[in-house]
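Visitor: Model the structure of this input:
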Amino acid sequence: MRLHALDTLRRTFRSLGNRNYRIFIVGQVISLSGTWMQSVAQAWLVLRLTGSGTALGLVIALQFLPVLLFGPFGGVIADRFPKRRLLLATQTVAMTQALVLGLLVITGTVELWMVFAMAAVFGLVTAVDNPARQTFVLEMVGPANLTNAITLNSVVVNAARVVGPALAGVLIAVVGIGICFVLNACSYVAVILALLLMRTGDLNPAPTQERAKGQLREGFRYVRRTPDLLIPLLMMAIIGTLSYEFQVILPLVAERTFGGGAGTYGTLTSAMGVGAVVGGLATAGRSGAPSHTALVRAAALFGSVILLAALAPFLWLEVVVLVLVGAASINVLATGNTTLQLRAAPELRGRVMALWAVAFLGTTPVGGPIIGYIGEHAGPRVGLAVGGSAALVAAVVGWWFLVRPAGGRSDDEAEEGAGQLVAAAAPAGR
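Guide: From the prediction side, this is the model:
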């Protein structure tokens, strides 16, 4: 039994045997804790300035609107330049943005339009940073350990969700909102140092693409004619638009459903982080590439537990259910991310993962105000219920086009035929 446990432990953390990935993860732990701290502080700052759930949805929308508008161009940039150098640039700009916002709050000069502007700057950075960072993981660990590395990275993101919001809740109550932004700016130093300390000879960089006309259209056409990429992206667009709006809906749940403050919001967000860490470690221990059936099941489970969160009558029960929501969320995100990276052509991987960012993050400008408005006027529970229902719809879409047997054919044949039908019906990219 002891040998089996050790084997499971080694399998779960096997990507940490890679030195570059190991120091990258250390930098991510520190930096992402600061990012989650800023996320809580920004949400609470907007509520302090306006008291409006709609305004909260708008600032989140502005933060991710550049991903929607410029995400595909970010993928083109990620395919053209070395990922490590690109990440050094994006992290430096993000650090500057956090520092400026912190100083504005501390000096008492901050206004809502300034928060909007800084959120938009962060969105521009994310449009380039996300596809570069996602594909850089593959360059560090190689295809054999990609699923494990992506999942462990997601575990780190959500472990930071435990630390960051909890620390933010304490700091806001004791010191004030501004210090959260300043500490986040300091946290970027860790990931910049990690990138500088890497052994570049151990990386396996994808070939960079020379500047040429039509590269953006090429990425759209490639996805449109590839059902294995198109349908998971469509599923994630549905989930990203309405289900994954926790930055908008959880502050309203904390304040209006349970009558709490920043500490309650931090607790709810941390509960999701705890669940995501546990669920991520379970996912990291799996071997092999994920199947379409696994992706559909993950989306269905995610929707189901969000609906349970919408019904939870007591705060303690909401915290428990949000642990399940966190576990389900990491499962669906890691499964979808790995599916796309392993099935995308190397020379187009940056553009494919940019569309992943558009589907997951770029849809927030659409869904954020919608969920914020629903949460403010119909109630936070209704906002959660809409998100849960959307994830179930995504699961149905995936089952219909990727899993459902049709006309007595095999699952693979049905998957190919249905995917071709959807690809033919999809609008052409620019």
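Visitor: quick one: stretch 115-123 to chain centroid distance?
Guide: 18 Å (CA atoms, centre = their mean, to the nearest Å).
Visitor: I'd like the mean pLDDT over it, please.
Guide: Averaged across stretch 115-123, the pLDDT comes to 92.
Visitor: Likewise for stretch 382-392?
Guide: Stretch 382-392 comes out at a mean pLDDT of 97.
Visitor: again, but for stretch 37-51
Guide: In this model, stretch 37-51 has a mean pLDDT of 88.
Visitor: Give me the distance from stretch 139-152 to the chain's centre.
Guide: Worked out by CA atoms, centre = their mean, stretch 139-152 lies 17 Å from the chain centre.
Visitor: and it, how far apart are its ends?
Guide: Across its full length, stretch 139-152 reaches 15 Å between end residues, using CA to CA, to the nearest Å.
Visitor: Can you point out the buried residues in it?
Guide: Neighbour counts using 16 or more other CB atoms under 10 Å place 139, 140, 141, 145, 146, 147, 148, 149, 150, 151, 152 of stretch 139-152 among the buried residues. Glycine gets a C-beta too; all of them are placed from N, C-alpha and C.
Visitor: shaky segments in the stretch 151-300 of the chain?
Guide: Low-confidence segments of the stretch 151-300 of the chain (pLDDT under 70): 158, 161, 212-213, 285-289.
Visitor: all helices in it, in order from the N-terminus.
Guide: With DSSP state H, counting those that start in this stretch as the criterion, the stretch 151-300 of the chain has helices at 178-197, 215-224, 227-238, 246-252, 262-284, 292-311.
Visitor: Of the ones you listed, which stretch is the most buried?
Guide: helix 246-252 (a mean of 27; mean count of other CB atoms under 10 Å).
Visitor: follow-up on the earlier one: now the helices of the stretch 151-300 of the chain as JSON lines including distance to residue 383?
Guide: Shown next, in JSON lines, are the helices of the stretch 151-300 of the chain (distance: least, CB to CB, whole Å):
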{"stretch": "helix 178-197", "distance to residue 383": "25"}
{"stretch": "helix 215-224", "distance to residue 383": "30"}
{"stretch": "helix 227-238", "distance to residue 383": "16"}
{"stretch": "helix 246-252", "distance to residue 383": "5"}
{"stretch": "helix 262-284", "distance to residue 383": "14"}
{"stretch": "helix 292-311", "distance to residue 383": "8"}
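Visitor: before we move on, back to that, between the buried residues of stretch 139-152, which has the least confident prediction?
Guide: For the buried residues of stretch 139-152, the pLDDT minimum is residue 147, 74.
Visitor: does residue 58 sit in a helix or strand, and which one?
Guide: Element membership of residue 58, judged by DSSP states H and E, is helix 53-80.
Visitor: Give me the buried stretch members for that helix, please.
Guide: For helix 53-80, by 16+ other CB under 10 Å, it's 53-68, 70-79.
Visitor: hang on, the earlier thing: just put the buried residues of stretch 139-152 in TSV and tack on distance to residue 174.
Guide: Below are the buried residues of stretch 139-152 laid out as TSV (distance: CB to CB, whole Å):
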residue	distance to residue 174
139	42
140	38
141	40
145	42
146	42
147	41
148	39
149	37
150	36
151	35
152	33
